[in-house]
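Give me a 3D structure for the following:
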Amino acid sequence: MRLKTKLVLAISGMVMALVVASSSIYVLQIVHQRVQDTYDNGDFVAHQIFFVTHEALEADLSSTQVDTSNPQAVREATEEILQTDPGLNSLMQSIVGYSRPIYDVAIAGPDGRALLHTDSMVALSGNPLPVRENFKVVRDGSFRQQLAMVYGPPKVYEISVPIERDGAPFGSVRVGISTVFLKSELRPQLNHALLLSGIAILVTFILAALLSNVALRPLVLIGRRLDLMTGGAPEPEHEAARGDEVGMVTTKINRLGKQMRDVKEIFSALKDNLDQIMANLQDGLILFTRDSKAILVSAAVENFLGVSRELMLGHNVDEFFLKDTALGRTVLDSFESHTPIAQREVETEDGSRVMVSLDFIEEGGERIGALLTLRDAESVRRIESEIELSHRLAAIGRLASGVGHEVKNPINAIVVHLELLRQKLQQADPATRRHMDVIGSEIHRLDRVVQMLVDFTRPVELRLTELDVRKLVDDVTQLASPDAARQGVKIERQLPVESLLARADSDLLKQALLNVVLNGVQAMPQGGTLSIRASKEDDEIMVEVRDQGSGIPAEIRDKIYDLYFTTKKTGTGIGLAMTYKVMQLHHGSVDFESGDGRGTSFRLRLPLLGAVTDSREFAVPVPKKL
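All right, here's what the predicted structure looks like:
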């Protein structure tokens, strides 16, 4: 509810309460006074008739020869006296005629029948008079009962005065009071009072609305300033400042708004940078307050806990870490004991292993928060092994380069001297020439191996061009088809409709993919299907080569990228090492997934055109083995 509405209702309510209270008192006094006057008038009339009746009976019965021991004779004499007394009848008729609230007057005998009545028909009928409620009930009743009498249905009440003779009940004087006349007298006054109350309340409501507008106008101006301040809009500078308290508050708000906008801009920039860092962070980070509520959660945490960030932010640590899990017990126990965790490896229920570390942030000896870090232990070990592999490859490359250059010169000398020896031994026997041919052939093979070694370690000059990877897959499929046909292998391609453009060295990338495809063909000596699938994933092009061979044994999976490592009798051990190097040069990566008896799947990833800058020097990623 708005403050203006509350103010209007409050003022109107207070005035309404005062008006209702004063009106109620006024109406109560009017009603009570009129009811009291009516009762007093009726009681006076009843006693007046009582005295006149008593005098008439005393005078007439004493002068009349009546047997007082005979009740019937006394009753008949009494009726005759009352009915023939001219003063009593005229008094009763005049009272009914001139007093409006008095409905009727009657003198009743001990049996309740009318001895004398202002309505002659009632007296002649001889029936008992109707029982009526005493008017004292209205006089002594509550205000609500008196209002019910005024606004309720018409009713006749009664005021009664008993008549006694010789100490025994003789009858009673009954005066009927009709509410019809009271209503006709009270209703106009009450309606007038209610009308004035309603007008007062309505006027008060209008005045309260006007007063609230005047009183709240400065607050409205301040609210507009605050809206401009929170909305980021600049304050109008041309508006002159007021000299009253509102002007002072407005000036301070303008100053505060400028400070808040500056802080908001800095905070927005920091928040955007932090959100970008947290979204790209591979480790799971959770920052807690001193009361263990999460206020900062990285996107990677969802992968570790399986809970969305929205259900963690602002919630206590025990709401998303559960005691019935190994990871939850470790974290919750540390929070309860206020003991930090230094790189503890925890095995989860699904068999994965997580590196957990928890540091409590303190200032002045008081705990102000905590930082929880979650890392994939398998990924850590995988990265360590891949770094080790890169170091091995680099060391092997340096060694191979030196050995290659050292061996190349003696081989050249041996070839020269072998040719000279052939010329001098032209007449040698066939056996000698055969041995010389074998030596020459082996020397040439050794020279080719050394040349390949030198080529592998020599810096490669990339010839980058824009190419469609789909065309590259087609060319590799065509080159590998003869070998695949001899092995009984069927090559299937799955290529998208849209182009997969990349900037790369076509020859090197073709050789790298061909090495993987030929390995897949050779892994199926009994035939099978080799599938090549190319697709786009985010900012990368992924080419997957899947065979149906026996898979790579687990004990040699860490060695397949090593130079000269091979399990084939005629293999050189350079193919996958060359593929790995080519993908490095193109700022890409190569990983594989293999299972015993389930074949092997190699995945070559390459940046899309425009994903990286055109440069000859790229960061060297390490291969992934899944």
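
Show me what the strand or helix carrying Ala577 packs onto, helices and strands only.
Secondary structure assigned from DSSP states H and E places Ala577 in helix 575-585. In terms of contacts (3 or more Cβ pairs under 8 Å, 6 or more residues apart in numbering; DSSP states H and E), helix 575-585 is packed against helix 430-457, helix 506-522, strand 589-595, strand 599-607. C-beta: built from backbone N, CA, C; applies to glycine.

mind listing what's buried in it?
Buried residues in helix 575-585, counted by 16 or more other Cβ atoms under 10 Å: 575-585.

List just the nearest of these to Leu129.
Nearest to Leu129 among those: Met583, at 123.2 Å, using Cβ to Cβ.

any chance of the helices and strands packed on helix 575-585 in CSV, with distance to Phe44 and mean pLDDT too?
Rendered in CSV, the data for the helices and strands packed on helix 575-585 read as follows (distance: least, Cβ to Cβ, whole Å; pLDDT from 0 to 100):
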stretch, distance to Phe44, mean pLDDT
helix 430-457, 138, 69
helix 506-522, 128, 88
strand 589-595, 118, 88
strand 599-607, 117, 92
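
In TSV: those, plus distance to Thr529.
Formatted as TSV, the helices and strands packed on helix 575-585 follow (distance: least, Cβ to Cβ, whole Å):
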stretch	distance to Thr529
helix 430-457	31
helix 506-522	10
strand 589-595	17
strand 599-607	10
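
And those: which comes nearest Val356?
Ranking the helices and strands packed on helix 575-585 by proximity to Val356 (Cβ to Cβ) places strand 589-595 first, at 26.4 Å.

Tell me the strands beside that closest one, with direction?
Paired neighbours of strand 589-595 in the sheet (DSSP bridges): strand 599-607 (antiparallel), strand 624-625 (parallel).

Helix, strand, or coil at Ile361?
Here Ile361 takes the strand state, with states given by DSSP: H, G, I helix; E, B strand; the rest coil.

excluding its backbone neighbours, what's nearest it?
Taking Cβ to Cβ, 6 or more residues apart in numbering, and ignoring the residues beside it in sequence, Ile361 has Gly369 as its nearest neighbour in space, at 4.3 Å.

continuing past the helix or strand containing Ser535, what's the next helix or strand?
Counting by DSSP H and E, the secondary-structure element that holds Ser535 is strand 528-537. Toward the C-terminus, strand 528-537 is succeeded by strand 540-546 as the next helix or strand (DSSP H and E).

How about residues contacting that next one?
Judged by Cβ atoms under 8 Å, 6 or more residues apart in numbering, the contacts made with strand 540-546 from elsewhere in the structure are 469, 473, 500, 502, 513, 516-517, 520, 530-536, 588, 599-608, 611.

Return a ChimeraX selection command for the buried portion of those residues.
In ChimeraX syntax, the buried subset of the contacts of strand 540-546 is picked out as below (16+ other Cβ under 10 Å):
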select :469,473,500,502,513,516,517,520,530,531,532,533,534,588,599,600,601,602,603,604,605,606,607,608
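
before we move on, the earlier item: kindly reformat the strands paired with strand 589-595 as JSON lines containing distance to Ser120.
Shown next, in JSON lines, are these (distance: least, Cβ to Cβ, whole Å):
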{"stretch": "strand 599-607", "distance to Ser120": "124"}
{"stretch": "strand 624-625", "distance to Ser120": "125"}
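
Any idea which of those strands gets closest to Pro553?
strand 599-607 (10.8 Å).

could you check the angle helix 575-585 makes with that closest one?
Here strand 599-607 runs at 20 degrees with respect to helix 575-585, directions being taken by axes from the mean of the first three to the mean of the last three Cα atoms, to 10 degrees.

Below-threshold pLDDT in the stretch 351-500 of the chain: ranges please.
For the stretch 351-500 of the chain, the stretches with pLDDT under 70 are 380, 383, 386, 389-390, 392-394, 396-406, 408, 426-428, 445, 448-460.

can you map out the helices along it?
Assigned by DSSP state H, counting those that start in this stretch, the stretch 351-500 of the chain shows helices spanning 377-424, 430-457, 469-487.

Just confirm Leu327 contacts Val346, I think it does.
Yes - under the contact definition of Cβ atoms under 8 Å, Leu327 touches Val346, with a separation of 5.2 Å.

Quickly list what's touching both of these two.
Jointly contacting Leu327 and Val346 under the rule Cβ under 8 Å, 6+ apart are 354, 356.

burial measure for the spatially closest residue to Asp475 that is not a sequence neighbour, as a count.
Spatial nearest neighbour of Asp475, excluding adjacent residues (Cβ to Cβ, 6+ apart): Lys510 at 6.0 Å. Other residues within reach of Lys510, judged by other Cβ atoms under 10 Å, total 19.

which residues touch Lys510?
For Lys510, the contacting residues are 472, 475-476, 479, taking Cβ under 8 Å, 6+ apart as the criterion.

quick one on the thing from earlier: looking at the helices and strands packed on helix 575-585, which is closest to Arg382?
Counting by Cβ to Cβ, Arg382 lies closest to strand 589-595 out of the helices and strands packed on helix 575-585; the figure is 9.8 Å.

in the closest one, what counts as buried?
Neighbour-count burial for strand 589-595, counted by 16+ other Cβ under 10 Å, picks out 589-594.

Can you lay out those residues as TSV showing distance to Gly152?
Formatted as TSV, the entries for the buried residues of strand 589-595 read as follows, by distance: Cβ to Cβ, whole Å:
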residue	distance to Gly152
Ser589	97
Val590	101
Asp591	96
Phe592	99
Glu593	95
Ser594	100
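
just those residues now: which is nearest Val416?
Val590 (41.5 Å).

excluding its backbone neighbours, what's nearest that closest one?
Taking Cβ to Cβ, 6+ apart, and ignoring the residues beside it in sequence, Val590 has Met583 as its nearest neighbour in space, at 4.8 Å.

for Leu513, same thing?
With Cβ to Cβ, 6+ apart as the criterion, Leu513 has its nearest non-adjacent residue at 4.9 Å, and that residue is Val476.

quick one, what contacts the one you found?
So Val476 contacts 510, 513-514, 517, 532 (Cβ under 8 Å, 6+ apart).

Run through who's touching stretch 99-114.
By Cβ under 8 Å, 6+ apart, the residues outside stretch 99-114 that reach it are 38, 41-42, 45, 49, 53, 75, 78, 82, 92, 95-96, 115-119, 122-123, 126-129, 156, 163, 169-178, 181-182, 185.
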